[in-house]
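Colleague: Have a look at this prediction, sequence included:
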Amino acid sequence: MVVEYRPLEIYTVLVLEYLALILLVSAAVRRLERKLALPGETRR
């Protein structure tokens with residue numbers, strides 16, 4: 001059995017997973033900030 005090291009595919013998958021994770025965390029933090037905002041506080 002021959003095992004090939006495929007760095008491009010491995011790094012591509014890792015980058016996509018990282019991007020998805022960052023987008024999810026960013027959306028969650030944005031939602032949390034809106035929920036915890038003080039009354040009358042202006043949004044930028």
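Modeller: Now that the structure is in, tell me what you want to look at.
Colleague: all contacts plus neighbour counts: C-alpha atoms, from now on.
Modeller: Will do.
Colleague: So which residue is smack in the middle of the chain?
Modeller: Ile22 (1.3 Å; C-alpha atoms, centre = their mean).
Colleague: Tell me the secondary structure of it, please.
Modeller: Under the three-state scheme (DSSP: H, G, I helix; E, B strand; the rest coil), Ile22 adopts helix.
Colleague: ok, now how distant is it from Val15?
Modeller: 10 Å (C-alpha to C-alpha, to the nearest Å).
Colleague: ditto for Glu33
Modeller: For Glu33 relative to Val15 (C-alpha to C-alpha), the value is 27 Å.
Colleague: residue ranges for the helices of this structure, please.
Modeller: 7-36 (DSSP state H).
Colleague: Tell me how many other residues crowd Glu41.
Modeller: 7 (other C-alpha atoms under 10 Å).
Colleague: list the contacts for it?
Modeller: With C-alpha atoms under 8 Å, 6 or more residues apart in numbering as the criterion, no residue contacts Glu41.
Colleague: number of nearby residues for Arg34?
Modeller: Neighbourhood size, Arg34 [other C-alpha under 10 Å]: 11.
Colleague: actually Leu24, not the one I typed
Modeller: 12.
Colleague: do the same with Leu14
Modeller: 12.
Colleague: Any figure for the gap between it and Ala37?
Modeller: Distance from Leu14 to Ala37, by C-alpha to C-alpha: 34 Å.
Colleague: likewise Leu24?
Modeller: Leu24 is 20 Å from Ala37, by C-alpha to C-alpha.
Colleague: Same check on Ala28?
Modeller: Taken as C-alpha to C-alpha, the span from Ala28 to Ala37 is 14 Å.
Colleague: What of Ala20?
Modeller: Counting by C-alpha to C-alpha, the gap from Ala20 to Ala37 is 26 Å.
Colleague: repeat for Ala27
Modeller: From Ala27 to Ala37 the distance is 15 Å (C-alpha to C-alpha).
Colleague: Perfect, that will be all.
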